[in-house]
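Chemist: coordinates only, sequence not included:
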């Protein structure tokens with residue numbers, strides 16, 4: 001009984017969100033095609049607004065390229081931050097040494 005209730009609730013959910021109508025329209029369009037496409041799944045994806053296989057592969061390639069660029073930029077950023085901290089450390093040491101040198105003559109007086 002519970003299983004049937006879940007199925008019915010899911011069916012109502014699909015209907016209320018327009019899924020059933022969208023799928024029906026796409027399947028009717030596929031049925032009415034005189035020359036059936038070689039890939040029914042790709043046909044359905046296109047009709048529902050999804051990318052073609054070629055578009056999907058292109059997007060995947062773009063994601064990979066962008067991830068590589070991001071990784072390179074992140075590594076450069078980290079190295080630049082490391083160098084900045086190194087420069088700050090040297091500057092702080094030089095400043096400390098200058099203060100010590102300025103105070104040293106005052107101590108002799």
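Modeler: Here it is on my side, so go on. This structure is a prediction, so every number in the text was calculated from the model and none was measured. Numbering: from 1, shown residues only.
Chemist: Centroid-nearest residue for this structure?
Modeler: residue 63 (7.7 Å; C-alpha atoms, centre = their mean).
Chemist: That residue is in what secondary structure piece?
Modeler: Assigned by DSSP states H and E, residue 63 belongs to helix 53-108.
Chemist: Please state the offset of that helix from the chain centre?
Modeler: In terms of C-alpha atoms, centre = their mean, to the nearest Å, the centre of helix 53-108 is found 25 Å from the chain centre.
Chemist: Who are the packing partners of that helix?
Modeler: Counting contacts by 3 or more C-beta pairs under 8 Å, 6 or more residues apart in numbering; DSSP states H and E, helix 53-108 packs against no other helix or strand. Every residue, glycine included, has its C-beta placed from N, CA and C.
Chemist: so for that helix, what's the average pLDDT?
Modeler: The average pLDDT within helix 53-108 is 86.
Chemist: Give me the distance between the two termini of stretch 40-57.
Modeler: 18 Å (C-alpha to C-alpha, to the nearest Å).
Chemist: neighbouring contacts of it?
Modeler: Identification of contacts with stretch 40-57 by C-beta atoms under 8 Å, 6 or more residues apart in numbering yields 22, 25, 26, 27, 29, 30, 33, 37, 39, 59.
Chemist: Pick the one among these closest to residue 91.
Modeler: Nearest to residue 91 among those: residue 59, at 46.5 Å, using C-beta to C-beta.
Chemist: who touches the closest one in this structure?
Modeler: Counting by C-beta under 8 Å, 6+ apart, residue 59 makes contact with residue 51.
Chemist: Tell me how far it lies from residue 78.
Modeler: In this view, residue 59 and residue 78 are 28 Å apart by C-beta to C-beta, to the nearest Å.
Chemist: Next: residue 102.
Modeler: According to C-beta to C-beta, residue 102 and residue 78 sit 36 Å apart.
Chemist: how about the residue nearest to the centre of the chain, what does it touch?
Modeler: By C-beta under 8 Å, 6+ apart, the contact list for residue 63 is empty.
Chemist: circling back: so which of the contacts of stretch 40-57 wins on neighbours?
Modeler: Using other C-beta atoms under 10 Å as the neighbour test, those are led by residue 26, with 17 neighbours.
Chemist: Alright, that wraps it up for me.
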